[in-house]
Each structure stands twice: as C-alpha cells, then as structure tokens.
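Engineer: With the input below, show me the fold.
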Amino acid sequence: MRLERRWIDHVKAHSTLETGGSCSDSLKHNHLSGERVTDKITYKDLEGESFRVLILLPAPEPYYPLICKLDTWPLNDRGDTRQYAALSYFWGSDGHNGRIYFLGDNDDEPGVSNPDRWGSAARRATSVRIRNNLFRALLRLRSHGKGAQKVALWVDFLCINQENSVEKTRQLSRMVNIYNNASNVCIWLGESDRDKRSDEAMAFIPTLMDFAVFDRHANDRKQARKWYALGELMRDRWFSRRWIVQEIALAKDATVHCGGAIVRWSDFADAASLLVSNQETIKSLFDFSDWREGPNTLGDIEAFGASILLEATNNLFLRKHNGEIKRPIKSIESLVTSLKTFDTSDQRDLIYSLKCIASDTSRHLWQYDKGGRDDLPADYSKSEIEVYKDFTEFCVRSSNSLDIICRPWAMPVKGGKALPSWIPLLSSSEFGLPDEIYSGRKNGEVLVGPAGQPNYAASSQEPCSVRFGREPQDTSTGDKGVNGPARREVLFARGFRLAKIEDVSARNTGGVITKESLDMGKWPGFGKDTDSVPDPIWRTLVADRNHNGQVPPSWYQRACLRCLEIADVFNNGDLNIGEILQGHSEMLRKYLTRVRNVTWNRRFFTATSQETEWPLFGLCPPKSREGDFVCILYGCSVPVVMRESGSGPYMALIGEAYVHGKMDGEALEDFEEQRTWEQNGQVKDEEFAIV
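Structural biologist: Predicted structure coming up:
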C-alpha cells in the first residue's frame, strides 16, 4: 500500500488531470517496483467474426494505475446486448511513456472498495508502454469512485495485434461493423492547453445551439476571443488523421472530449458549420486595435481540418429515411484524391483507411452486395509502392480513365525510394502536404477535375489503352540476382506526341505573371486600338473554364483587358494579382481569383507541332523544360508533358498541361485527319513506356 500511495502522490503532483499542464515527468515514473514490464501484449488468435474489447477496471481514485483486461466478443451477434464505445484519437509521436496493466484471464480483479489490492494487482499484471496521448485519454475515460463501473472500449492500437499483418487486414474489413455497432465514438482531442483556450471553446459551443444567442455572439466584438478559440479547436491535430473520416461517418453517436470537458459531436459540428457559413460577419469582429492581423486573424476557415471533415462526411452515404446508412456513394479514387488534408502514419493507409466507405471497394461489406468480391483487398504484407500501384491500376480499370496519373495524392515512401512518375506526390497539390495546408497555396489547382467529373476531353472518346508491368532485368552486367538494380514499375499507355516544347517562361510564383510570359501568348501590349484580348491569352489564364469547371463567361475577356491595362500602367506590364485583389470591383476579384488558382507555380510554354502552322501556347508543370513533349494519352482528359528518360524507350511523366485549342478533342481530330492523308505511315500513335 505504501508503494502504491507513493505512485499516486507522484501522479497527483504532475498529472494533467489536476494541473492541466504537462505530465511527461509523471508518465516517465508511473510504474511500480517489481512489476512485469514489457513492450508487447500477448494476444490470443481471433476466431471467426470476433474482435477484442479493452475492459478498463474502475479505480478508487483517478490517479490509480490503469488496470484492464482484453476480452473477445462476437462482432455481429444480435443476441449480445453488451455495449462498448470506440475511441478515436491522434496517435501522435510524443513517446511511449504511459503504462497500462493487463491482467490475465485467471487474475482476480481489484475492487473499488479495496484500494489495498491495487498495488499487488498491478505487480501481477503485465505492464505495457503506450503513447502518452492514449494514456491520458484512458485516464479520462476510466470510471472511478464509489459505484464506478467497468468501461468497455475498442482501441485500435490495443485491440488489434499491430505486428500481425494477417489480423490487421481482417480487422480492417470489420471496421464498418466495429464503428457502426459502437454505442458511442469518443473523440479525444487531448488535454486542455495551458492558456485554457480549448476549455473556453468547449464551453462556448453549447451556447451557440440557441440561435438567438448565436446571433448576439456573431455581432459582439467582445466574443471575438471565443470565436478565435473555436477556430483553434477546429484545427486540432486530431482533424489531420485520415482514419477519422470513416470513424465519424460510421458513428451512430459521438462525443468530443478535451481535458475534462465533453460536448456532443452534433453540437460541435453545428457550431463549426455556423462559423463557416457566417465567417465574413464573424471575421469583422476582429479589428486591428485588438488583433494584429485584424479580420484575417482566423485565416482560411474552410481549410480547417474540421471544416473539410464536415463537408466530406455529409456526402459519403446514401441513407434510409431513418438515417441508417444504406450504402456508400463515392469511389475510392474520389475519396483518396479529395481528402488530401488528412494524414496517416502508414502510407498504405492512404488507401486502406477509406476502403470501407468507398462505393467500389466495399460492396462485399454492405447489405446490397454481400456476395460481392473485394477487388482491392487490403494487404499489409505488401510494400507501400506495391499498394500504390495496385490502387492506381484499380482506378484505371474501374473508371476506364487515366486521369488518376494527373491527380497528386501519394505520400513519399519510407526509405526515400523514388516513386514512378505516374504516381504523383501530394507535395505537388494545391496546398502541398497535410502539415503545409495552413501556410498558403503551393501550386495551381488540378486541371483534370474531380474523379468521374472531367473538365476536358482532350482524348475525346478514345478508350483507355494501358497495361502495367516492370522494365526487363538488365543482364548486360551479368548480374541476374537479387543484388542487381531494382526494376522500375512501368505504365504502358497508348497515345501520340502532339508537340515539342521550344520555350518556357519562369514559374508564376507569388501571384505575379510577368510581361515576358504574356508576350509568349502574343499579347501586343496596349496601343490606341486595343479594345480586346486575344483568345489564347485570356482563355489560357483561366484554363478556359470557370471555377466550377464550366465554359467561362464572356465577361472574363473584358475583365482580363482591364487587369492588363492596370498592369501596363502600374507595373510595366507585369500582372500582380495580389495587388489588384486588394481593391477594384468584385467582378475583377472573381476573375483574378480564378487566374491565380490556375496559374500558380505553373509555366507558360510554346511548342511546335506538325499539325499546326503556328506554335501552340499553354500552361505546363513547373518542372517542364525545353525539349519536353506534349502528348495525348488515350483515356486521359487533359494533355500531359513527358520527357525521355535516359537510354531506352522510357518516358517520365512531368504532369498535366493546358494547351489552348486542344482541350476538347481537337488534337485527336487533327491527328486522325493527318493520318488519313498520310500514305507513308509517318503519322502514327505509339505505346509509351512511362516510368
């Protein structure tokens, strides 16, 4: 008892449960002398449709050791009325200093009324180190005091044998039922921060459920601090996890836990939605006298993790009249390529974390197709590159489209191994990697548009013609063994070379389009008779589409003329988008926002083509250079830039391109017409070997 009391006193002195501060010191020492310390849990194999549940034993006080058991429950037994909650939390990288004590099947449980037995029970138990954030969550969720009850939780890290890839794969396919059957999903955001801002936000949320109160708060400058606190909570690191999309989407009920505060998820979601939909009014509460950045203090609210999560989960399922999920409605390609702000510690989970809620990879899990086949099975024995390749091939086959090779979605693989050029890295997306999204735009928006909704038809209706393979083993050195150089993954795709790039501009960084770039499009500059802008200029600046992917309105040309006039007068012909956005009319701002989103970090180019008498003009990726080829690939809705890769027949994909006048099948028509007239076979398509 004396040793146990010393442990309790130490945790009381350092634990965040009491002080709200850091508990790293207490975590380092939260063990008992004589305990059996290990880093591994001894798991029994799961049989049939079963899963493990963590049983947290109630404690006499909050600061007693975390003692628990692992039970095995049937997953879909309607006669089993036992309830459990599922824990959703950020794994984090803050060390494994927490300890949890596992009793064996035959060990006696220490009762709440017998504190003296807790020390000996903990010593008999197996002590396992767990991540600090998980340790704090379990301390908060455990019941304590007189009349306390056991708490049944499903916790991925503890209830799945993380070292058994076969079990991980099987349990992944059961996530739909695990989360959907849970009585509640407990969302753990962590302990409250030192300045108590998160406590303020959690207390603020319930008040907003009264619309009359909301109206007052949305127009009261004294409430700016609380709105700021809510915004900070919406950017919590929990919202960066990719797994949370399915965890929240499948939850029947959920609660948000931050320190000792709890709010219903539905209340949190409504509060966040109110902030998003009324952001202009609320931003006006932040004046420069009290806030250094004034109305810009909150930043881009729609880019907050919570905002993106809410938008995503609202449109994932077709539901019955009672709200019960009927089936998913979005493809795996759509989910993986649109949920770019959500991260994962295992790159394979970029795909696997969304399989159960995708329409084309979960048919076998839902009632409408129980006999269906899983055409993209999870397999944790495969490498990251193998999983990436399987995903890409699945998308191409299921959509009969090559657009996936233009959509940035992949994370770098461990060990720094290079990916094939046809698996674009997420770093080339609009806002870069997940941890970069709050630091501003990095690249122009993707031209191909959302999955299944192409903005263009560069290859017209020509069907996709592809196959996947590997380059042949190099036997010139006589080394045919495993120690030779790795064979690269190859995507073989048919198409034709449209043009060869002869000139490229500087990258359009910082929202500035130089006069030299505009000159490449044959902009004559302002003169006495300048009353319009040539089509290649104004259409290329917006990629010949509006922000919804539709044909641009005619007034875009007039807006472009006005912007170029301002550039000519004030910036020697350079178009500084940022400067013009700060003033002028709403119509100019709408037009320039589209220009900025399209041209950011891209280059203008001119290219020579056999099919046209004049050079082609357009936009190309930032890594494009003279000598690269603009190509049309059958089944790809936009032209692409490719480069000959070393010796041999291989090509590297540089990225998608906008080519003025060649985005809606014109290039294919010209190619077919020329091939018809040519009798010597000089005009022909080819199978590109893309590495």
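Engineer: Point out where the stretch 401-550 of the chain drops to low pLDDT.
Structural biologist: Flagging of the stretch 401-550 of the chain using pLDDT under 70 yields the residue ranges 473-486, 526-530.
Engineer: What ranges does the stretch 1-150 of the chain have for its strands?
Structural biologist: Read by DSSP state E, counting those that start in this stretch, the stretch 1-150 of the chain holds these strands, from start to end of the chain: 36-38, 50-56, 67-74, 85-89, 98-102, 126-130.
Engineer: Export these to CSV and append columns for distance to Lys382, mean neighbour count and mean pLDDT.
Structural biologist: From N, CA and C alone the C-beta is placed, and that goes for glycine too. Converted to CSV, the strands of the stretch 1-150 of the chain look like this (distance: least, C-beta to C-beta, whole Å; neighbours: other C-beta atoms under 10 Å; pLDDT from 0 to 100):
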stretch, distance to Lys382, mean neighbour count, mean pLDDT
strand 36-38, 29, 12, 59
strand 50-56, 23, 20, 96
strand 67-74, 28, 18, 94
strand 85-89, 26, 25, 96
strand 98-102, 31, 22, 91
strand 126-130, 27, 19, 91
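Engineer: right, and Lys417 touches Ile385 too?
Structural biologist: Yes. The pair Lys417 and Ile385 passes the contact test of C-beta atoms under 8 Å, sitting 6.8 Å apart.
Engineer: The two: which has the busier surroundings?
Structural biologist: Using other C-beta atoms under 10 Å, the more surrounded residue of Lys417 and Ile385 is Ile385, with 19 against 11.
Engineer: Am I right that the more buried one is in a helix?
Structural biologist: Yes. Secondary structure of Ile385 (DSSP: H, G, I helix; E, B strand; the rest coil): part of a helix.
Engineer: That one: what's its closest spatial neighbour, skipping adjacent residues?
Structural biologist: Once flanking residues are discounted, Ile385 sits nearest to Val413: 5.9 Å by C-beta to C-beta, 6 or more residues apart in numbering.
Engineer: what do you get for Ile301?
Structural biologist: For Ile301, the closest residue by C-beta to C-beta, 6+ apart turns out to be Gln279, at 4.9 Å.
Engineer: Count the neighbours of the one you found for me.
Structural biologist: Gln279: 19 neighbours (other C-beta under 10 Å).
Engineer: give the contact list for the residue nearest to Ile385.
Structural biologist: Contact analysis of Val413 by C-beta atoms under 8 Å, 6 or more residues apart in numbering lists 347, 383-385, 388, 419.
Engineer: could you dump those to JSON lines with distance to Thr606?
Structural biologist: Shown next, in JSON lines, are the contacts of Val413 (distance: C-beta to C-beta, whole Å):
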{"residue": "Gln347", "distance to Thr606": "38"}
{"residue": "Ser383", "distance to Thr606": "41"}
{"residue": "Glu384", "distance to Thr606": "39"}
{"residue": "Ile385", "distance to Thr606": "36"}
{"residue": "Tyr388", "distance to Thr606": "34"}
{"residue": "Leu419", "distance to Thr606": "30"}
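Engineer: Okay, now the sheet partners of the lengthiest strand in the chain, with direction.
Structural biologist: Ranked by number of residues, the top strand in the chain under DSSP state E is strand 489-504. Strands that pair with strand 489-504, judged by DSSP bridges, come out as strand 466-470 (antiparallel), strand 603-608 (antiparallel), strand 629-633 (antiparallel), strand 686-690 (antiparallel).
Engineer: what's the spacing between the first one and its chain's center?
Structural biologist: To tie it back to what came earlier, the one meant is strand 466-470. Here the centre of strand 466-470 is set off from its chain's centre by 27 Å, with C-alpha atoms, centre = their mean, to the nearest Å.
Engineer: which residues does Ile244 contact?
Structural biologist: Ile244 touches 88, 187, 238, 309, 342, counting by C-beta under 8 Å, 6+ apart.
Engineer: if you set the cut-off to 10 Å instead, what comes out?
Structural biologist: 88-90, 185, 187, 238, 305, 309, 312-313, 342, 353 (C-beta atoms under 10 Å, 6 or more residues apart in numbering).
Engineer: show me where pLDDT drops low in the stretch 1-150 of the chain?
Structural biologist: Looking at the stretch 1-150 of the chain by pLDDT under 70, you get 1-39, 95, 146.
Engineer: An error on my part: the question was meant for the stretch 551-691 of the chain.
Structural biologist: For the stretch 551-691 of the chain (pLDDT under 70), the answer is 569-571, 583, 611, 676-683.
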